[in-house]
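Novice: Give me a model of this one.
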Amino acid sequence: MPTAMPSRARVLLAGAVLADTTAPERVDRPGDAPELWIPLEDVAPEARTHGAWSPGEGALAGHVRIDPERVDDVLLSEPADGDDPRDVVRFPNWGDATDLVEVLDVRPDGERRYVSAARADWRRPVVEGSQILGQSIAAASRHAPGRRAVSATMIFTRAANAHEPYHVLLDPVTEGRTFTALRTTAVQGERTCAFGTVLLDVTAPEVLRHAEPAPDVPGPDDSTPYDMGVTGRDLRIVGDAYTGEPDAPLGPPELSTWVRFRRLPDDQAIHASLLAQYTGHMSIAAAMRPHPGIGQDQAHRTLSTAINQISLSIHADVRADRWMLYHHRSTSASGGMTHSECRVHDEDGMLIASFTVEAMVRGFGDSSKEGDYRSAL
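Specialist: Numbers count the residues shown, from 1 in each chain. The predicted structure follows:
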């Protein structure tokens, strides 16, 4: 069935706009690239005979399907006036921030048991580790309402198929007046895909306060937008430090990115889960920066890469619908493993989270190829 997209879609060919609509619809079919449909009335009259369109029927009557191979670009952006025109996502893409919220907000499916909605990238249908981390925070927060997740750690052991649902299981260790501690396990069928812990707290008045200062870097307006395939998630790269290409300019093993989500519910569990979901995206890229001829676009092709463990501490309430600055610093790369120590600050410079990442970077000929199963959104 078609799904309305909260985006503006523009179809471009040879510098001309063939179509421009604020009412695109998307159809997802398991294993295939998504389809984009737009109202025929939003196609330029002189372009309606172009071979890029296929007419719809039934629920899609009056719409045409775009063949991305027959045009130069299909650009998705926020429809509101005043948005930065640089924030565009190219179709076909993974989905929208609302889809990400649906995936992270796992649903109860028995006692201390939660199930994930299945949503796959047709190019590589595997579940990223930081998504499971975010889902564990969401499940723990639903189990212990009124308490804030203050830390979460997960080790990722096996591939999870994004085409199929999987479960997050909670095992209480303690549920006292102040703290709730839970063991968490992600299982798909009979396979354990990840396991870890979540600690929640009722919080208390401060006795002391200090925090690591934010790095002195340009703000989001002065940083470069980057398309990572999710509409409703604005992403900016500080200093053009990331391209993913192996011939990118060299630099220190650091990356700073600004991230902001749109159309979010007023739900602290979801905001914290979204913060966690992005923790697995850039630490490997930071480790690659000093090394010539190596880029993250080689992942899953000539390099076997994976996030093996994330340990996250959340220091304050999270507002993921406001700019968050993720600063990734890789402190070690050796023995086929990398270690990164990372911070998240808000736009005012307040430290809201810290995390470490253990990851592997190995050639496909190495014995640990089995670990290569996570992709970045």
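Novice: how deep is the closest residue to P2 other than its chain neighbours tucked in, by neighbour count?
Specialist: Distances taken as C-beta to C-beta, 6 or more residues apart in numbering place E25 nearest to P2, at 4.0 Å, with adjacent residues excluded. From N, CA and C alone the C-beta is placed, and that goes for glycine too. E25 is flanked by 21 other residues according to other C-beta atoms under 10 Å.
Novice: What of M337?
Specialist: Count around M337 with other C-beta under 10 Å applied: 15.
Novice: Can you tell me the SS state at the nearest residue to it once chain neighbours are set aside?
Specialist: Leaving aside its sequence neighbours, M337 sits nearest to M360 (C-beta to C-beta, 6+ apart; 5.6 Å). Following DSSP: H, G, I helix; E, B strand; the rest coil, the label given to M360 is strand.
Novice: Surely M360 is in contact with A287?
Specialist: No. Here M360 does not reach A287: they are 10.5 Å apart, not a contact under C-beta atoms under 8 Å.
Novice: Between these two, which contacts overlap?
Specialist: By C-beta atoms under 8 Å, 6 or more residues apart in numbering, M360 and A287 have these common neighbours: T338.
Novice: residue furthest from the geometric center of this protein?
Specialist: E46 (38.6 Å; C-alpha atoms, centre = their mean).
Novice: ok, now which ones touch the residue nearest to P2?
Specialist: Neighbours of E25 in contact, by C-beta under 8 Å, 6+ apart: P2, T3, A4, M5, L36, W37, I38, L60, H63.
Novice: Neighbours of the first one, how many?
Specialist: Pointing back at P2 there. Neighbour count for P2, taken as other C-beta under 10 Å: 17.
Novice: same deal with the fourth one?
Specialist: Counted by other C-beta under 10 Å, the residues lying close to M5 total 27.
Novice: of M360 and A287, who's got more company?
Specialist: Between M360 and A287, A287 has the larger neighbour count (other C-beta under 10 Å), namely 28 against 20.
Novice: any idea which helix or strand carries the more buried one?
Specialist: helix 283-288 (DSSP states H and E).
Novice: Residues touching that helix, excluding its own?
Specialist: Helix 283-288 is contacted from outside by 242, 244, 253-255, 294-296, 299, 305, 307, 328-330, 333, 338, 340, 342, 357, 359, 361, using C-beta under 8 Å, 6+ apart.
Novice: Tell me the buried residues within these.
Specialist: Neighbour counting over the contacts of helix 283-288 (16 or more other C-beta atoms under 10 Å) leaves 242, 253-255, 294-296, 299, 305, 307, 328-330, 333, 338, 340, 342, 357, 359, 361 as the buried ones.
Novice: Can you show me the strands along the stretch 1-150 of the chain?
Specialist: Assigned by DSSP state E, counting those that start in this stretch, the strands in the stretch 1-150 of the chain fall at 3-4, 8-13, 16-21, 25-27, 35-39, 53-55, 63-66, 73-77, 89-90, 95-96, 107-108, 113-115, 148-156.
Novice: Kindly report the same for the stretch 201-350 of the chain.
Specialist: For the stretch 201-350 of the chain, the strands defined by DSSP E, counting those that start in this stretch occupy 224-225, 230-231, 233-237, 254-261, 303-314, 324-334, 337-346.
Novice: Any stretches of the stretch 201-350 of the chain with poor pLDDT?
Specialist: Residues of the stretch 201-350 of the chain meeting the criterion pLDDT under 70: 299-300.
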